[in-house]
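Enquirer: Sequence first, then the predicted structure, then my questions.
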Amino acid sequence: MAVQDTPHSYSICLASELGPLAMVRCLAHEMIHLSQWLTGKMIDLDDSRSRVQWMRRTYSYRLAYRKHPWEIEAYKYDQAVARKFLDLWKREVR
């Protein structure tokens, strides 16, 4: 889970029970959310995280998780980002 703590501070929490590959993919997914915040595509509108502005449209977090447009985007790219990271990492380890 990624959380915007302040306008310039973010936290990413990963479940320790995830295997190495799942953890890399989860981190990639959360880094996509970080990118969404940094580019202004996604803006949390209040501290309770009940409302989000996505591309100038306001959404409620009560909307089903997989219907959040920011999640749709993150799931679309997380596997490719994780694969790219692992490919680069393997080259560096050799």
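Expert: Alright, I've got the coordinates. Residues are numbered from 1 along each chain as shown.
Enquirer: what does the average pLDDT come to for the longest helix belonging to the chain?
Expert: When the chain is parsed with DSSP state H, its longest helix is helix 69-93. For helix 69-93, mean pLDDT is 93.
Enquirer: same check, this time on stretch 45-65
Expert: For stretch 45-65, mean pLDDT is 86.
Enquirer: Run through who's touching it.
Expert: Stretch 45-65 is touched from outside by 41-44, 68-71, with contacts defined as C-beta atoms under 8 Å, 6 or more residues apart in numbering. For every residue, glycine as well, the C-beta is placed using N, CA and C.
Enquirer: Tell me the gap between the longest helix of the chain and the middle of its chain.
Expert: Centroid separation between helix 69-93 and its chain, computed with C-alpha atoms, centre = their mean, to the nearest Å, is 11 Å.
Enquirer: What's the local residue count around V52?
Expert: Look at V52: counted by other C-beta atoms under 10 Å, it has 20 neighbours.
Enquirer: who are the neighbours in contact with E71?
Expert: By C-beta under 8 Å, 6+ apart, the residues touching E71 are Y65.
Enquirer: my bad, A15
Expert: Contacts of A15 (C-beta under 8 Å, 6+ apart): 23, 26.
Enquirer: now do the one 4 residues further on
Expert: When contacts are counted by C-beta under 8 Å, 6+ apart, G19 is found next to no other residue.
Enquirer: Of the contacts of stretch 45-65 - the most surrounded one?
Expert: Within these, most neighbours by other C-beta under 10 Å means M42, with 22 neighbours.
Enquirer: Buried by neighbour count: which residues of the longest helix of the chain qualify?
Expert: 69-71, 73-74, 78, 81-82 (16 or more other C-beta atoms under 10 Å).
Enquirer: now do stretch 4-19
Expert: Using 16+ other C-beta under 10 Å as the test for burial, stretch 4-19 gives 4, 10.
Enquirer: and what of stretch 49-58?
Expert: Residues V52 are the ones in stretch 49-58 that count as buried (16+ other C-beta under 10 Å).
Enquirer: Only alpha carbons, please: show it as CSV.
Expert: Only the C-alpha atoms of stretch 49-58 are listed here, as CSV (Å, rounded to 0.1, in the frame of the first residue of the first chain):
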residue,chain,number,x,y,z
ARG,A,49,-8.6,9.4,1.8
SER,A,50,-12.3,9.2,1.1
ARG,A,51,-12.2,11.2,-2.1
VAL,A,52,-9.6,11.2,-4.9
GLN,A,53,-9.3,13.5,-7.9
TRP,A,54,-8.2,11.5,-10.9
MET,A,55,-7.6,13.4,-14.2
ARG,A,56,-10.0,16.2,-13.0
ARG,A,57,-12.8,13.9,-12.0
THR,A,58,-13.6,13.1,-8.3
